[in-house]
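Participant: from the sequence below, what's the structure:
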Amino acid sequence: MQDKPKISIITPSKNTGRFARETIESILAQTYKNWEHIVIDGVSTDETLDIIRQYPHIRWISEPDSCPNEAFLKGLAIAKGEYIMLCCMSDGYLDKNWFKRCVEILDSRSEISLVWGNDQNMLEDGTLHKIVYNSWFDNPPPSGKDFIYYWLKNGTFFHERDLCVRKSIIEFCCAGSGPETFYPDFMYNFTTHGYLPYFYPIVAAYGRHHSDATRYVEAINKKLMAERNQIYKQYYKKIDQYKRKLIKREIRHQYRDGYGRILPLEFDIKRCFEYDKENKLVKITKFLIPPIFLWFKNKLLTRYRIYQNLRKIRKDLVNNSKIT
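Facilitator: Here you go, the predicted structure:
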């Protein structure tokens with residue numbers, strides 16, 4: 001839409017034509033207008049390309065690819081924007097000021113490299129369903145330098161549908177990554193290199209759940225699922241290894257601003273232990289409360305049954321005495 005766009009929105013697509021117009025219109029509805037929209041299509045055979053051609057502002061290509069991540073990496077390579085966003089065809093934006101909010105944060109705060117928010121699920125028929133993390137409105141993920149402690153605790157991923165990240169940062173964090181490992185690699189490299197995120201506590205985008213119009217129609221077989229699980233298992237293992245090295249002081253965590261410059265901020269080892277204690281307390285609570293509750297429940301039920309039996313015996317004795 002602009003010769004020198006501030007934002008590049010990259011949209012992977014394949015055979016999602018019945019949702020394409022809604023996705024495109026949700027981007028057009030944004031109050032902030034200095035952006036470009038890039039669609040990387042995987043050779044759709046439905047109406048997707050016919051709909052895309054109706055929007056001359058869209059930059060698009062249609063060629064075979066293996067998955068949405070490969071399509072995104074293709075889009076990243078040709079993006080002109082200073083900031084990058086990802087919006088798959090069939091997803092979209094709920095907050096019309098989301099682009100504006102992201103640009104305001106990234107333009108005014110050089111220490112922030114990424115802005116993200118909350119998502120809401122959408123059913124196939126367009127009905128809005130559950131907010132992904134409703135609890136984050138009362139207890140949001142930390143922003144800035146405190147995010148590392150939260151991430152070391154649970155390996156949280158930024159929501160792909162609503163993140164806005166500096167292009168130079170995502171290019172650096174994804175260098176050498178293949179389509180299969182692109183997003184876990186990005187999360188790990190972003191956080192361990194000390195880049196800082198900013199969480200905006202609003203529902204920014206929606207992600208549609210549908211049965212037959214996902215990125216690819218082919219069913220995911222057991223082998224692919226096993227490979228994917230192995231990738232994420234390796235991701236969490238790397239986080240644990242990084243944490244152990246920090247605690248043993250074998251490495252030093254350094255914070256960086258949105259241009260890669262080291263920030264004068266200190267990583268606090270004690271915070272790791274504090275989060276560990278919180279995590280252990282949650283685990284203990286989850287494991288102990290159900291058995292304790294069950295024990296009390298069984299005790300109460302047993303006493304109630306005894307009480308009922310005693311009442312029955314007493315009633316029988318009274319009836320027998322009246323007969324005699």
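Participant: all contacts plus neighbour counts: C-alpha atoms, from now on.
Facilitator: Will do.
Participant: ok so residue 206 is a strand residue?
Facilitator: Yes. Under DSSP: H, G, I helix; E, B strand; the rest coil, residue 206 sits within a strand.
Participant: who are the contact partners of it?
Facilitator: 91-94, 119-122, 161 (CA atoms under 8 Å, 6 or more residues apart in numbering).
Participant: so the closest residue to it other than its chain neighbours bridges to which residues?
Facilitator: Leaving aside its sequence neighbours, residue 206 sits nearest to residue 120 (CA to CA, 6 or more residues apart in numbering; 4.7 Å). Per DSSP bridges, the residues bridged to residue 120 are residue 131, residue 206.
Participant: helices of this protein, start to end?
Facilitator: 17-28, 48-52, 68-78, 98-108, 147-154, 167-173, 182-192, 222-247, 269-323 (DSSP state H).
Participant: to residue 255, which of those lies closest?
Facilitator: Evaluated with CA to CA, the helices of the chain place helix 182-192 nearest to residue 255, the distance being 8.8 Å.
Participant: contacts for the closest one?
Facilitator: Contacts of helix 182-192 (CA under 8 Å, 6+ apart): 69, 148, 151, 157-158, 169-170, 173-174, 177, 231-232, 235, 239, 253.
Participant: residue 89: neighbour count?
Facilitator: 30 (other CA atoms under 10 Å).
Participant: any idea how this structure splits into domains?
Facilitator: 7-244, 274-324 (automatic domain parsing).
Participant: ranking those domains by burial, who's on top?
Facilitator: When you average the neighbours per residue for each of those (mean count of other CA atoms under 10 Å), domain 7-244 leads with a mean of 18.
Participant: thinking again about what came up before, dump the helices of the chain into CSV; add distance to residue 203 as well.
Facilitator: Below are the helices of the chain laid out as CSV (distance: least, CA to CA, whole Å):
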stretch, distance to residue 203
helix 17-28, 14
helix 48-52, 27
helix 68-78, 23
helix 98-108, 9
helix 147-154, 20
helix 167-173, 23
helix 182-192, 21
helix 222-247, 26
helix 269-323, 26
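Participant: out of those, which gets nearest to residue 87?
Facilitator: Of all these, helix 17-28 comes closest under CA to CA, at 8.0 Å.
Participant: re the thing from before, now the two most distant members of the contacts of residue 206.
Facilitator: 122 and 161 (12.7 Å).
Participant: what touches both of these two?
Facilitator: 206-207.
Participant: any stretches of the chain with poor pLDDT?
Facilitator: The chain contains residues with pLDDT under 70 at 1-2, 210-223, 275-299, 301, 303-304, 307, 316-324.
Participant: how does it look with 90?
Facilitator: Applying pLDDT under 90 to the chain picks out residues 1-3, 66-67, 124-129, 132-135, 137-138, 176-180, 209-229, 269-324.
Participant: from residue 4, how far off is residue 173?
Facilitator: Distance of residue 173 to residue 4, computed by CA to CA, to the nearest Å: 24 Å.
Participant: residue 147 now?
Facilitator: Counting by CA to CA - residue 147 and residue 4 are separated by 32 Å.
Participant: so what's the most centrally placed residue in the chain up against?
Facilitator: When the chain is reduced to its mean C-alpha position, the closest residue under CA atoms, centre = their mean turns out to be residue 159, at 2.8 Å. Taking CA under 8 Å, 6+ apart as the contact definition, residue 159 lies against 116-119.
Participant: go with 10 Å
Facilitator: Residues near residue 159 by CA atoms under 10 Å, 6 or more residues apart in numbering: 86, 116-119, 132, 205.
Participant: relative to residue 47, which of those residues is nearest.
Facilitator: Using CA to CA, residue 86 is the member of these that lies nearest residue 47, at 21.6 Å.
Participant: would you confirm that that closest one contacts residue 158?
Facilitator: No. Counting by CA atoms under 10 Å, residue 86 sits too far from residue 158 to count as a contact (11.7 Å).
Participant: any chance of the domains of the chain in a markdown table, plus distance to residue 264?
Facilitator: A markdown table is the format used below for the domains of the chain (distance: least, CA to CA, whole Å):
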| stretch | distance to residue 264 |
| --- | --- |
| domain 7-244 | 11 |
| domain 274-324 | 23 |
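Participant: nearest to residue 260, out of those?
Facilitator: Closest of the domains of the chain to residue 260 is domain 7-244, at 7.9 Å (criterion: CA to CA).
Participant: and the end-to-end length of the closest one?
Facilitator: Using CA to CA, the end-to-end distance of domain 7-244 comes to 37 Å.
Participant: any idea how far that domain is from the middle of the chain?
Facilitator: 8 Å (CA atoms, centre = their mean, to the nearest Å).
Participant: list the residues that contact residue 234.
Facilitator: By CA under 10 Å, 6+ apart, the neighbours of residue 234 are 184, 228, 240.
Participant: and if we set it to 8 Å?
Facilitator: By CA under 8 Å, 6+ apart, no residues touch residue 234.
Participant: quick check: it vs residue 67, distance?
Facilitator: 20 Å.
Participant: that older thread, closest one to residue 11 among the helices of the chain?
Facilitator: helix 68-78 (7.1 Å).
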